[in-house]
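K.L.:
here you go, sequence then predicted model.
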Amino acid sequence: MTGDFSTVTETWGLGASPEQLAMQYFRYRMAAEVGQGGTVLEIGCGSGMGLPYLASHARMVVGGDYTMALLREARRHLPDANLVRMDAQHLPFRDHIFDAVVMLEMIYYVPDQASAFAECRRVLKPGGRLMVCLPNRDRPDFNPSPYSTRYPNLAEVGTLFEQSGFDVRMYGNFAVEPASSRDRMLDGIRHLAVRYKLIPGSMRAKSILKRVMYGRLPTLGAVHDGMATYSEPAELDGSAGTDNRYKILYAIGVATSR
């Protein structure tokens, strides 16, 4: 991997829309359930906002990221966290030492995604679990992030898990259908912005745009219960190939005995 991912990563103090906060809370709540009571590795932890929440549910948590600037920010806010600089394609750990590995909103930045999955399988104990989440590229008005390499769709995520030695279950959440007339208006603005490539690339610029659209916003910080509402995900059929009903895809795999 190459590059500095600071500009495309959520960081402490940035303004966030209500849906953005809900998405952040949901993925870490699901990840905490995956790693409940065990040793957990978060690959692509960014500035570390989810690490305290994971640590409150696990026996031990390690956070890793490729970008040193993000790890330095994590260290400023979380002086006692276990932080390691790492490349998802070449993890600096011995075999079979983690109960759970999570890759949240980051796999689409990895050039060799099959290698990253294989590395996760290598460091997991037998029966260990891997969780991945990412935007659904088949949803309407999908907008890829700068520096992204490839967004696997529903079927391709399932294939990555299965070829790496996991039994996988797939889920979707955050339905595409707008909930109100205001949402429909904002969706129209987003549609035009995506069509004419007006979506800013950096998280800071996006935060400014969201402030214009939504008004005064809450700011990002440590993930905690009560920061947003929680809704149960819908289980999806990976053999269907694609599914455009949900904005975010989630997958949880259990390492097989092979």
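P.N.:
On my side now, so go ahead.

K.L.:
I figured residue 24 was touching residue 222, is that so?
P.N.:
No. In this structure residue 24 lies outside contact range of residue 222 using C-beta atoms under 8 Å: 10.5 Å. Where C-beta positions appear, they are placed from N, C-alpha and C, glycine not excepted.

K.L.:
compare the two (neighbour count), which wins?
P.N.:
For residue 24 versus residue 222, neighbours defined as other C-beta atoms under 10 Å are more numerous around residue 24 (21 against 14).

K.L.:
what residues are up against the more buried one?
P.N.:
Taking C-beta atoms under 8 Å, 6 or more residues apart in numbering, we find residue 24 in contact with 10, 16, 49, 50, 220, 223, 227, 228.

K.L.:
would you mind measuring from it to residue 217?
P.N.:
Taking C-beta to C-beta, to the nearest Å as the measure, residue 24 falls 13 Å from residue 217.

K.L.:
between these two, which contacts overlap?
P.N.:
Joint contacts of residue 24 and residue 217 (C-beta under 8 Å, 6+ apart) are residue 16.

K.L.:
how far off centre is the lengthiest strand in the chain?
P.N.:
Determined from DSSP state E, the single longest strand within the chain is strand 124-135. With C-alpha atoms, centre = their mean, to the nearest Å as the basis, strand 124-135 stands 12 Å off its chain's centre.

K.L.:
so which bits of the longest helix that the chain contains are buried?
P.N.:
When the chain is parsed with DSSP state H, its longest helix is helix 18-34. In terms of neighbour count (16 or more other C-beta atoms under 10 Å), helix 18-34 has its buried residues at 20-32, 34.

K.L.:
tell me the mean pLDDT for that helix?
P.N.:
If you average the pLDDT over helix 18-34, you get 96.

K.L.:
how many degrees apart are that helix and strand 124-135 in direction?
P.N.:
Orientation of helix 18-34 against strand 124-135 (axes from the mean of the first three to the mean of the last three C-alpha atoms, to 10 degrees) gives an angle of 170 degrees.

K.L.:
CA atoms of the helix or strand hosting residue 69 as CSV?
P.N.:
Assigned by DSSP states H and E, residue 69 belongs to helix 68-77. Below are the C-alpha coordinates for helix 68-77, written out as CSV (Å, rounded to 0.1, in the frame of the first residue of the first chain):
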residue,chain,number,x,y,z
MET,A,68,1.4,7.5,10.6
ALA,A,69,-0.5,10.8,10.9
LEU,A,70,-3.6,9.0,11.8
LEU,A,71,-1.8,6.9,14.4
ARG,A,72,-0.3,10.0,15.9
GLU,A,73,-3.8,11.5,16.2
ALA,A,74,-5.0,8.3,17.8
ARG,A,75,-2.1,8.4,20.3
ARG,A,76,-3.0,12.0,21.3
HIS,A,77,-6.5,11.1,22.1
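
K.L.:
can you pull the buried residues of it?
P.N.:
Applying 16+ other C-beta under 10 Å to helix 68-77 flags 70, 71, 73, 74, 77 as buried.

K.L.:
okay, now the unreliable bits of the chain?
P.N.:
1-5, 178-216, 258 (pLDDT under 70).

K.L.:
strands along that one, start to end?
P.N.:
Using DSSP E, strands in the chain cover 39-43, 60-65, 82-85, 98-104, 124-135, 166-175, 234-236, 246-255.

K.L.:
mind putting those strands in CSV, distance to residue 153 included?
P.N.:
Output for the strands of the chain, formatted as CSV (distance: least, C-beta to C-beta, whole Å):
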stretch, distance to residue 153
strand 39-43, 21
strand 60-65, 25
strand 82-85, 30
strand 98-104, 16
strand 124-135, 10
strand 166-175, 11
strand 234-236, 11
strand 246-255, 8
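
K.L.:
quick one, which of those is nearest to residue 6?
P.N.:
Among the strands of the chain, strand 60-65 comes nearest to residue 6, with 9.9 Å by C-beta to C-beta.

K.L.:
any idea how far residue 152 is from residue 74?
P.N.:
27 Å.
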